[in-house]
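Asker: Let's see this in three dimensions:
(one chain, ligands or ions: 2)
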Amino acid sequence: MQFFLNKFFFKKSKEMRYQFPLFLCTFMVICCFCNNATGNSDEYFSSVAGLEKLLMVEYVVLDELQNYIDSVQKHIDSLQSEVDAIRSDHQAAADDVDGYLSNPVNAYRLIKRLQSDWHTFEDVIRADTSRADFLSSMETNRQAFDFPTKEDVIGSAVALVRLQDTYKLEVAELASGILNGIKYGPSMSWQDCFLLGHHLYEIQDFNHTVPWLKQSMQMLKSQDSTKDAVTLDFMETVVAYHREMGDFETALELTNYILSFDATREHMSATKYYLERMVSDGIKAGLMHEMIPQAGDYHLSNDFKRYEQVCRGELQLIAAEERPLRCRYDSNNAPFRLLQPYKVEELYLNPRVVQIHDVLTTDNTDAVKQLAKTRMSRSQVRNLDGSAASSANYRISKSAWFHYEESEEMQKMLRHMGDLSGLNMDYAEHLQVANYGIGGHYEPHFDFFTDNCTYNLSDGNRIATGIFYLSDVEEGGGTAFPYLRLVVKPQQGSVLLWYNLHRSEEPDYRTRHAACPVLKGSKWIGNIWVRVRNQDRARPCGLLPDHEVSLKYKHLV
Ligand SMILES: O=C(O)CCC(=O)C(=O)O
Ligand SMILES: [Fe+2]
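Answerer: Ligands and ions are numbered 1, 2, ... in the order given. Next up, the predicted model:
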């Protein structure tokens, strides 16, 4: 990255300076992320499953680059030894030019060199195929592999800021590889922070752009080499960014910093004068101030804020709700499980939400994930207007549907769902396996259908949900129930179970739930949704209507 930033910055004239980041990023996007000729089969930012492939791609192209370097190095080494030999001849000549040239061998060598050797050097350099070989292998690689697209870069930038917001993470901590106080990975460089800021700028997320650019500049300032002209030039471009966004304070602070190292930059003195005026007059202008917050943006609603609080663990069950909760061995509705009862943990009583532990073995979950990996594509959501399902920012994951007959383990999941819920599985939906990548999430929603046209009426609504956790998740990624103030930690092999409908078959609005963004790890789940059809004996209606209790939650959304 340093290489790219420096290399191209050196060439920029002063007039071009402000456009540099755009130019650079366009360049990088074209070079590094362009799509191949066959098209990108699917995006990378929405799950971890695809990223494994990407790592392999990078192994391959890195080898290619290493081959290029080795071959150029060999070439350079051999040219260097020729140059060294000639130089040592010149050295001898310098000591006694006449004596040197009067030696017929030396005279011959000099003439021969200039008549033929220099042609040879030119031919050798002309014939060097390392560069062309590298470029053509790269072209082949681009045809063979799906490289990430610009959408992937933006998607992963957005995922990072989603994590920042949901878990209230400090930019400085994130940049140093710290998540929730634990150092997980390598630090980001100032260039990484700058490019992230730049991508956020591009999508006009100025509120997040500013802290990332600030972070980048702070890191750059703290480096030893910060005083060279190139660095100061680069900082000028960042001043321009802040100025355009209307963050005059930061622009001014950076301008003063630049001038403290190089007071001769006259245009910066003019910028300083302008910025000082803007700051002292309290003028609010620029892109940041022109953006009008979208009225009705769900992300500003109390419903969304409550969900985020639950994900962070700030809203929790109160003691009176927690006290009666029990863990017990239960053979549930399956008497033949008496010898191997389920480990049931009550998480909430009304509505009843339970997590059943150790239902699947690691071998079971691995087999399901293995089968799923080849079929995953971006998760879709149904549209209320009845149009075809499509991808949406509020659900970022990859998923695939499976017939239970496709594997022994999937049949086992269906059997467990029947035994655990006591429901009839004849009209259970197919199994949906999903994988969430970093920042992957599913914002608050109901699993029951709220409209009559989008679901198969003859099978009825979704009476129950079973989420089979096929993996642990290191940080974040819990299943949150905002109205219950409950967040469930995924535990590999366990199942989360609840009814979405009252006995009256009316929706239970208290079951609104969500998948909190994954902060660290790769979250895998298997969803089984059971329909109302044929459940009259398994879960008969009560004598009295029981749905009023949840109606008030309907209007909270
Ligand atoms: O991933 C989760 O924890 C919840 C998933 C979910 O609610 C769904 O897929 O409908
Ligand atoms: Fe759901």
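Asker: Would you state the strands of the stretch 151-300 of the chain in chain order?
Answerer: Using DSSP state E, counting those that start in this stretch, the strands of the stretch 151-300 of the chain run over 178-179, 182-183.
Asker: Show me what the first one pairs with in its sheet, parallel or antiparallel.
Answerer: Right, strand 178-179. Strand 178-179 has the following sheet partners, assigned by DSSP bridges: strand 182-183 (antiparallel).
Asker: so for the partner strand, what's the average pLDDT?
Answerer: In this model, strand 182-183 carries a mean pLDDT of 84.
Asker: repeat for stretch 524-537
Answerer: Regarding stretch 524-537, the rounded mean pLDDT is 94.
Asker: what residues are up against residue 187?
Answerer: For residue 187, the contacting residues are 175, 176, 177, by CB atoms under 8 Å, 6 or more residues apart in numbering. Every C-beta, even on glycine, is put in place using the N, C-alpha and C of the backbone.
Asker: need the residues you listed in TSV with neighbour count, can you?
Answerer: Rendered in TSV, the data for the contacts of residue 187 read as follows (neighbours: other CB atoms under 10 Å):
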residue	neighbour count
175	21
176	15
177	13
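Asker: could those residues be laid out in TSV, adding pLDDT and distance to ligand 1?
Answerer: Listed next are the contacts of residue 187 as TSV, based on pLDDT from 0 to 100; distance: CB to the nearest ligand atom, whole Å:
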residue	pLDDT	distance to ligand 1
175	93	28
176	92	29
177	89	26
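Asker: Burial check on the spatially closest residue to residue 448 that is not a sequence neighbour, number of neighbours?
Answerer: Nearest residue to residue 448, sequence neighbours excluded (CB to CB, 6 or more residues apart in numbering): residue 500, at 4.4 Å. By other CB atoms under 10 Å, the residues close to residue 500 number 24.
Asker: how much space between residue 500 and ligand 1?
Answerer: Residue 500 sits 10 Å away from ligand 1, going by CB to the nearest ligand atom, to the nearest Å.
Asker: Dihedrals phi and psi, that residue?
Answerer: Residue 500 has phi and psi values of phi -90, psi -20 when expressed as degrees, to the nearest 10.
Asker: so for the longest helix seen in the chain, what's the average pLDDT?
Answerer: When the chain is parsed with DSSP state H, its longest helix is helix 49-95. Averaging pLDDT along helix 49-95 gives 91.
Asker: related to what we said a few turns ago, correct me if wrong: the residue nearest to residue 448 contacts residue 450.
Answerer: No - assessed by CB atoms under 8 Å, residue 500 is found out of contact with residue 450, at 11.0 Å.
Asker: Now the common contact residues for these two.
Answerer: Common contacts of residue 500 and residue 450, defined by CB under 8 Å, 6+ apart, comprise residue 507.
Asker: Not counting its neighbours along the chain, what's nearest whatever residue of the stretch 351-500 of the chain ends up closest to ligand 1?
Answerer: Proximity of the stretch 351-500 of the chain to ligand 1 (CB to the nearest ligand atom) peaks at residue 479, 3.3 Å away. Distances taken as CB to CB, 6+ apart place residue 488 nearest to residue 479, at 4.4 Å, with adjacent residues excluded.
Asker: Quick check on the one you found: phi, psi?
Answerer: phi -100, psi 130.
Asker: what residues are up against it?
Answerer: Shown in contact with residue 488 (CB under 8 Å, 6+ apart): 347, 353, 355, 478, 479, 480, 481, 496.
Asker: Distance check, the last one against residue 511.
Answerer: In other words, residue 496. 12 Å (CB to CB, to the nearest Å).
Asker: which parts of the protein sit against ligand 1?
Answerer: Residues of the chain lying close to ligand 1 by CB under 6 Å from any ligand atom are 442, 447, 467, 479, 513, 515, 525, 527.
Asker: Pop out the phi and psi values for the residue of the stretch 351-500 of the chain closest to ligand 1.
Answerer: Torsion angles, degrees, to the nearest 10, at residue 479: phi -90, psi 120.
Asker: can you pull the contacts of it?
Answerer: Applying CB under 8 Å, 6+ apart, we find residue 479 in contact with 467, 487, 488, 490, 496, 513, 514, 515, 516.
Asker: what number of residues lie near the closest residue to the last one other than its chain neighbours?
Answerer: Spatial nearest neighbour of residue 516, excluding adjacent residues (CB to CB, 6+ apart): residue 311 at 3.6 Å. Neighbouring residues of residue 311 were enumerated by other CB under 10 Å; the total is 24.
Asker: just to revisit the earlier point, in helices, which of the contacts of residue 187 fall?
Answerer: Per DSSP H, those map to helices at residue 175.
Asker: Rebuild the contacts of residue 187 as TSV, extending it with distance to residue 326.
Answerer: As requested, the contacts of residue 187 are exported to TSV (distance: CB to CB, whole Å):
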residue	distance to residue 326
175	44
176	43
177	41
